[in-house]
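**Q** structure of the sequence below:
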Amino acid sequence: MKIDAERICAEVEAASDRYEAALLSNDLETLDASFWQDARVLRVSAKDELQGIENIRRFRAGRAPGDVARDYLSRQITSFGEHTAVVSITFLRKADRRVGRQSQTWVRFDGTWRIVSAHISFRET
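**A** Below is the predicted model of the structure:
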């Protein structure tokens with residue numbers, strides 16, 4: 001298995017960039033399309049543990065758009081073979097200046113990269 005194949009990392013970087021732009025603009029259609037359309041998909045944060053695409057959709061539809069404004073501090077992408085990658089992001093949340101971490105596992109399904117598991121947390125202040 002090849003780790004960190006340049007082409008795969010570039011594909012995941014582009015998918016991650018689309019997701020980030022959609023997050024900041026509250027583009028619910030693109031956010032939804034970025035996730036695995038399955039009852040097993042996960043999104044976990046300090047406030048909630050969402051399993052299933054329907055639960056993630058409801059969460060996104062009810063969230064205040066300004067709650068997600070942030071600046072990237074760093075991003076690391078590691079690919080494992082042709083169909084799996086992990087994205088680790090460190091960011092600064094604009095609303096309260098907290099430093100956060102976001103980890104996403106991406107899997108390629110029929111040529112499309114989708115998040116199968118996401119975890120968001122914040123550093124203690």
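**Q** residue ranges of the strands in this structure, please?
**A** Using DSSP state E, the strands of the chain run over 42-44, 49-51, 70-80, 84-93, 99-109, 112-122.
**Q** how about the last one: buried residues?
**A** The reference is to strand 112-122. Trp113, Arg114, Ile115, Val116, Ser117, Ala118, His119, Ile120 (16 or more other CB atoms under 10 Å). Quick note: C-beta positions are derived from backbone N, CA and C, even for glycine.
**Q** and which of these is nearest Gln51?
**A** Ser117 (10.0 Å; CB to CB).
**Q** mind listing what the closest one touches?
**A** Ser117 makes contacts with Val41, Leu42, Arg43, Val44, Gln104, Thr105, as judged by CB atoms under 8 Å, 6 or more residues apart in numbering.
**Q** try 10 Å
**A** Ser117 makes contacts with 35-36, 40-44, 51, 86, 103-107, as judged by CB atoms under 10 Å, 6 or more residues apart in numbering.
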